[in-house]
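Chemist: coordinates for the following, if possible.
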Amino acid sequence: MLESFDINWTGVLLPSLVLVLGFFSYKVLQKFFDLSKNKNTNVVLQKQLTNIVFILLLIIIFVIVLPIKDSLKNQIIALIGIVLSASIALSSATFLGNIMAGIWLRSVRNFRLGDFVEVKGMFGRVSGRGLLHTELQSIDRDLITLPNLFLATNPVTVMHSDGTIISTQLSLGYDVDHTVIEPLLIKAAEKAELDKPFVYIDSLGDYSIVYKVHGLAKDLKTTLSARSQLNRCVLDELHQAGIEIVSPTFMNQRQVNEHTFIPKERNHSHANKTKSNKSESPEDVIFDKADKAGKLDEMKLQQEELRERMDKTKEAIKHAENEEVEQDLKASYEKLKAREEKLTEILSAKSEEISREGKES
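Modeler: So this is what the prediction gives:
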């Protein structure tokens, strides 16, 4: 009777051992990614891909060591292959396509966290990047989630890191000579603190000339404010020069004894007060999450540099010429280590804060 309960312990032990080792290996893998999450900006993508490959390999190894016939093993592995192939085929246009697009975007590195980008009329700052999507923070402070496949198949405009050209256009009548208008527009761009300003005569209409003034804005974080400031300076310069910015056909509608429509000169104290009230840039509110994400990315690069310096210092300690030099190097290493640990704590807290921002219920 006891013989009927005879169990092949060798056949049971090996699959159990594979599961136990797989479980602990998975835990070690997650621990590794948790420790290195602040070192590599692509760690989320790497973690997700690694987990998928690891679990798939674990399933295949588990099937191989099962105490069953080889023909049955082959059938199970073939079934796994068929299911995997069918899943890939069914989702290749979306899921797999977004994964491949995400990998491609990371390899191209045409933009990073905090950059200003525009795609298909959508403009904003990059506030997050994942395996399947990229997140933008729009000029309305809202968060836009774009599939990576969408970014890979559409032209993406990224603002140049050294500055971008901003412009504004206006139409004026033929009664004012362009040699008078162009210097005024150049002066307005200079007052708006734009570099290398220039003016185009954009078009010649039936009743007016369209002028377009351009200038280089070097501070990308304040481009929205810079456009508004340029418009403000254009108004001030033209009004101070006695030039009206109204349609020429407006003259046919006047019934106010030829009064000019130019605002009276502002009180200087009021103007200074207005400037002082605008010390805080609107971009600080509009792109708050994207700004934090950009700063976090920079801090990760700083941490990577710290770790490289730590490795070099550790190597130098091994080859120290004497004990005094060795002690100095050790003291320097401890300072670097303390800075790196403090930075790790800050990065961990900031990363969690940014990931929750805008998504809380």
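
Chemist: where do the strands of this protein begin and end?
Modeler: 116-119, 122-129, 133-138, 143-147, 157-158, 164-173, 195-204, 208-217 (DSSP state E).

Chemist: do you know which of the ones you listed lies nearest residue 240?
Modeler: Using CB to CB as the measure, strand 164-173 is the one of those that comes nearest residue 240, at 15.1 Å. C-beta: built from backbone N, CA, C; applies to glycine.

Chemist: for the closest one, buried residues please.
Modeler: 164, 166, 167, 168, 170, 171, 172, 173 (16 or more other CB atoms under 10 Å).

Chemist: tell me the contacts of the fourth one?
Modeler: Neighbour list for residue 168: 212, 213, 227, 230, 231, 234 [criterion: CB atoms under 8 Å, 6 or more residues apart in numbering].

Chemist: go through the residues you listed and name the one nearest residue 110.
Modeler: Nearest to residue 110 among the contacts of residue 168, with distances taken as CB to CB, is residue 227, at 24.0 Å.

Chemist: for that closest one, which non-adjacent residue is spatially closest?
Modeler: Closest residue to residue 227 apart from its sequence neighbours, by CB to CB, 6 or more residues apart in numbering: residue 166 at 5.2 Å.

Chemist: isn't the one you found right up against residue 217?
Modeler: Yes - proximity of residue 166 to residue 217 meets the contact threshold set by CB atoms under 8 Å, at 5.0 Å.

Chemist: enumerate every residue touching the nearest residue to residue 236 once chain neighbours are set aside.
Modeler: Spatial nearest neighbour of residue 236, excluding adjacent residues (CB to CB, 6+ apart): residue 188 at 7.2 Å. Shown in contact with residue 188 (CB under 8 Å, 6+ apart): 213, 230, 233, 234, 236, 237, 238.

Chemist: just to revisit the earlier point, let's see if you can find the most crowded of the contacts of residue 168.
Modeler: Most neighbours among the contacts of residue 168, by other CB atoms under 10 Å: residue 213, with 27 neighbours.

Chemist: OK, contacts around it?
Modeler: Counted by CB under 8 Å, 6+ apart, residue 213 has contacts 167, 168, 169, 185, 186, 188, 189, 197, 198, 199, 230, 234.

Chemist: rebuild the buried residues of strand 164-173 as TSV, extending it with distance to residue 108 and pLDDT.
Modeler: Below are those laid out as TSV (distance: CB to CB, whole Å; pLDDT from 0 to 100):
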residue	distance to residue 108	pLDDT
164	20	84
166	26	86
167	28	88
168	33	90
170	39	89
171	41	88
172	44	87
173	48	83
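
Chemist: next, residue 66: phi, psi?
Modeler: Here is the backbone geometry of residue 66 (degrees, to the nearest 10): phi -60, psi 140.

Chemist: next, count neighbours for residue 150.
Modeler: When neighbours are counted by other CB under 10 Å, residue 150 comes out with 18.

Chemist: my read is that residue 169 contacts residue 209, right?
Modeler: No - contact criterion CB under 8 Å: residue 169 and residue 209 do not qualify, at 10.7 Å.

Chemist: residue 217 pairs with what?
Modeler: Bridge pairing for residue 217 (DSSP bridges) gives the partners residue 164.

Chemist: that one: what's it in contact with?
Modeler: Counted by CB under 8 Å, 6+ apart, residue 217 has contacts 163, 164, 165, 166, 194, 195, 223, 226.

Chemist: equivalent analysis for residue 146, please.
Modeler: Residue 146 touches 119, 122, 133, 134, 135, 136, counting by CB under 8 Å, 6+ apart.
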